[in-house]
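A.B. asks: All I have is the shape, not the residue letters:
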DNA sequence: CCAGCTTTGTGAACGTGTGCACGAATGCCT
DNA sequence: AGGCATTCGTGCACACGTTCACAAAGCTGG
């Protein structure tokens, strides 16, 4: 056995911030900025400078003391760590309201996640074209996943059919799922699932609003103080 | 001054799980289930039973030892804590792809967040009807927010105009924002912001896929073991 | 070549979240 | 009425995440 390089594990919290840094670094590069300090990046990302440094230190020591980080090089390193050196085709299950919006949203492909296919269980929807991709029947899922080497599936179905969609995706060979349906999916342990739930987000905001209204706390008026909030 | 009831603060992690419990409890009530144990709820929510008990204990002691929780009563308590005893009208900024999908998605109003209005800066879009709501010009934002008592704003614009949308929302009197644009917003400290970023989620999945592929770790085949993943 | 300034990288302290383990309370059965 | 099985509520230990603070490392100007 070769002395396999023990891949350093990056904390979840850091992984979820790297995409934000990456977007900002890209914008800076676009704007001609060649070097950036942890404080500058922190400001733009709405976080603490020490956090930025610690996050980046997990990738290796790519900064220069007294100077900062070279933007282009850092972009390269973050992209590499996130596995964005090549495209990851995705397949969308569900051609309803959300599926249509996702397919129509161009930023998908631009960011390295081209839509390899959209499928729906409703034959009436099959054949229509969304964002340049023809909707196909869900039975064709295995074929799409295999021929296009798809690893990531997006569930954009109603809650009632989400589990079925997940089962089909897993069976077809997908190993990561982005779930927009308001359902807790049951999948094999090896499958990575991330959930985006609109209702949950709104209810969290509701909690804070309610707290604000009923709170006996003398809300300290912070006036015009501004914070960057991710 | 009255001896104001010091409102117990609920941990963020718990607040973000309460909506999930609430949905499940609602489904159970619908199905005729009258009582549920922490273990039962944990199973359905894809979490640990101790966590469920601790989470619920922040609301008060609403369970019965040896029995479990009365579903209907618990639903009431969770709703109360989340401030869902009344509706929270929302205003959507941006009538593009996403704005349309959000407006068309009926589950919005059903869950207590009726769409009080949709606005766009593009005069060409003004007047069109989305999901039963007529698109109005963004200049009417203050009026909508005031007459409809809107506290929550949803940003569904492209990234480039998101900060402007946020500024307008805040100026109009909104105190909570749900941001779908891939931008870090700068707002007064008192404003609660939550972000939903598609690209970030996909890139996190990409990280794990890349890790899976390049990882020198001998991936333990967990076979058919299934986990509920939120 | 050295002094002084800047900014990184990281050890250590602190805070938040998780999960176990067990006492306490309740219902049921005899 | 008493014993037993069940399930909640929570103290405690541990893991994870955040922030501070400072030494190390590099650049610049004289």
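C.D. replies: Nice, thanks for sending it over. Please read these numbers as outputs of a predicted model, since none were measured by experiment.

A.B. asks: now chain A, which segments are flagged as low pLDDT?
C.D. replies: A:1-7, A:215-230 (pLDDT under 70).

A.B. asks: Show me where chain A has its helices.
C.D. replies: A:12-30, A:38-45, A:49-57, A:71-81, A:97-104, A:107-110, A:141-147, A:159-172, A:198-214 (DSSP state H).

A.B. asks: what phi and what psi does the backbone show at the nearest residue to residue A:68 once chain neighbours are set aside?
C.D. replies: Leaving aside its chain neighbours, residue A:68 sits nearest to residue A:37 (3.9 Å; criterion: CB to CB, 6 or more residues apart in numbering or on different chains). The C-beta positions use only the backbone N, C-alpha and C, and glycine is treated the same way. Dihedral angles of residue A:37 (phi, psi; degrees, to the nearest 10) stand at phi -90, psi 160.

A.B. asks: Hmm, residue A:37 is touching residue A:66, no?
C.D. replies: No. Applying CB atoms under 8 Å as the test, residue A:37 and residue A:66 come out as separate, 9.9 Å apart.

A.B. asks: Give me the more crowded residue out of the two.
C.D. replies: residue A:37 (16 against 6; other CB atoms under 10 Å in any protein chain shown).

A.B. asks: returning to what we had before: can you give me every residue that contacts the residue nearest to residue A:68?
C.D. replies: By CB atoms under 8 Å, 6 or more residues apart in numbering or on different chains, the contact list for residue A:37 reads A:67, A:68, A:69.

A.B. asks: From these, list the buried ones, please.
C.D. replies: A:68, A:69 (16 or more other CB atoms under 10 Å in any protein chain shown).

A.B. asks: With distance to residue A:78 as extra columns, can I get the contacts of residue A:37 in CSV?
C.D. replies: Below are the contacts of residue A:37 laid out as CSV (distance: CB to CB, whole Å):
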residue, distance to residue A:78
A:67, 18
A:68, 15
A:69, 10
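
A.B. asks: and DNA strand C, which of the contacts of residue A:37 reach it?
C.D. replies: Among the contacts of residue A:37, proximity to DNA strand C is found for A:67, A:68, A:69 (CB under 7 Å from any atom of the strand).

A.B. asks: count of neighbours near the residue nearest to the last one when sequence neighbours are not counted?
C.D. replies: With CB to CB, 6+ apart as the measure, residue A:63 is the residue that lies nearest to residue A:69, at 4.7 Å, once sequence neighbours are left out. For residue A:63, the tally of surrounding residues (other CB under 10 Å) stands at 20.

A.B. asks: Am I right that residue A:63 is in contact with residue A:40?
C.D. replies: No. With contact defined as CB under 8 Å, residue A:63 does not count as touching residue A:40 (12.0 Å).

A.B. asks: Who are the contact partners of residue A:73?
C.D. replies: Taking CB under 8 Å, 6+ apart, we find residue A:73 in contact with residue A:62.

A.B. asks: Actually, residue A:15.
C.D. replies: A:82, B:204, B:207.

A.B. asks: Go again with 10 Å.
C.D. replies: Residue A:15 sits next to A:9, A:55, A:58, A:81, A:82, B:200, B:203, B:204, B:207, B:208, B:211 when contact means CB atoms under 10 Å, 6 or more residues apart in numbering or on different chains.

A.B. asks: Would you mind finding the most buried of the helices of chain A?
C.D. replies: helix A:97-104 (a mean of 22; mean count of other CB atoms under 10 Å in any protein chain shown).

A.B. asks: Quick one: list the elements packing against it.
C.D. replies: Helices and strands touching helix A:97-104, by 3 or more CB pairs under 10 Å, 6 or more residues apart in numbering or on different chains; DSSP states H and E, are strand A:90-93, strand A:115-120, strand A:129-130, strand A:133-137, strand A:152-155, helix B:97-104.

A.B. asks: What's the end-to-end length of stretch A:118-130?
C.D. replies: With CA to CA, to the nearest Å applied, stretch A:118-130 spans 8 Å between its terminal residues.

A.B. asks: Contacts for it, please.
C.D. replies: Against stretch A:118-130 from outside (CB under 10 Å, 6+ apart): A:90-96, A:99-104, A:115, A:131, A:133-141, A:144, A:153-154, A:156-157, A:161, A:164-165, A:168-169, A:172.

A.B. asks: again, only this time at 8 Å
C.D. replies: Residues contacting stretch A:118-130 (CB under 8 Å, 6+ apart): A:91-96, A:99-100, A:103-104, A:133-138, A:140-141, A:144, A:161.

A.B. asks: can you check stretch A:146-164 too?
C.D. replies: Counting by CB under 8 Å, 6+ apart, residues outside stretch A:146-164 touching it are A:88-96, A:98-99, A:102, A:113, A:116-117, A:121, A:144-145, A:165-166, A:169, A:172-183, A:185-186, B:202, B:205-206, B:209.

A.B. asks: now it, how far from the centre of its chain.
C.D. replies: 16 Å (CA atoms, centre = their mean, to the nearest Å).

A.B. asks: and the end-to-end length of stretch A:44-61?
C.D. replies: Start-to-end span of stretch A:44-61 (CA to CA) is 21 Å.

A.B. asks: same question, stretch A:125-141
C.D. replies: End residues of stretch A:125-141 are separated by 15 Å (CA to CA).

A.B. asks: buried set for it?
C.D. replies: Applying a neighbour-count criterion of 16+ other CB under 10 Å, one finds A:125, A:126, A:130, A:131, A:133, A:135, A:136, A:138, A:141 buried in stretch A:125-141.

A.B. asks: Would you mind listing what in chain A touches DNA strand D?
C.D. replies: A:11-14, A:47-48, A:50-51, A:53-54, A:64-67.

A.B. asks: and these, which two are the farthest apart?
C.D. replies: Taking CB to CB as the measure, those span a maximum distance of 31.4 Å, between A:12 and A:66.

A.B. asks: which residue packs closest to residue A:175, ignoring adjacent ones?
C.D. replies: Per CB to CB, 6+ apart, closest to residue A:175 is residue A:151, 5.3 Å.

A.B. asks: circling back: list just the nearest of the contacts of residue A:15 to DNA strand D.
C.D. replies: Within the contacts of residue A:15, distances to DNA strand D taken as CB to the nearest atom of the strand reach their minimum at residue A:55, with 7.7 Å.

A.B. asks: Which residues are in contact with residue A:102?
C.D. replies: So residue A:102 contacts A:92, A:108, A:115, A:154, A:156, B:198 (CB under 8 Å, 6+ apart).

A.B. asks: which one of these sits closest to residue A:22?
C.D. replies: Proximity of those to residue A:22, judged by CB to CB, is greatest for residue B:198, which lies at 14.3 Å.

A.B. asks: on that earlier part again, can I get the contacts of residue A:15 in CSV including distance to residue A:26?
C.D. replies: What follows is the contacts of residue A:15, written out as CSV (distance: CB to CB, whole Å):
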residue, distance to residue A:26
A:9, 25
A:55, 17
A:58, 20
A:81, 15
A:82, 12
B:200, 13
B:203, 12
B:204, 17
B:207, 17
B:208, 22
B:211, 22
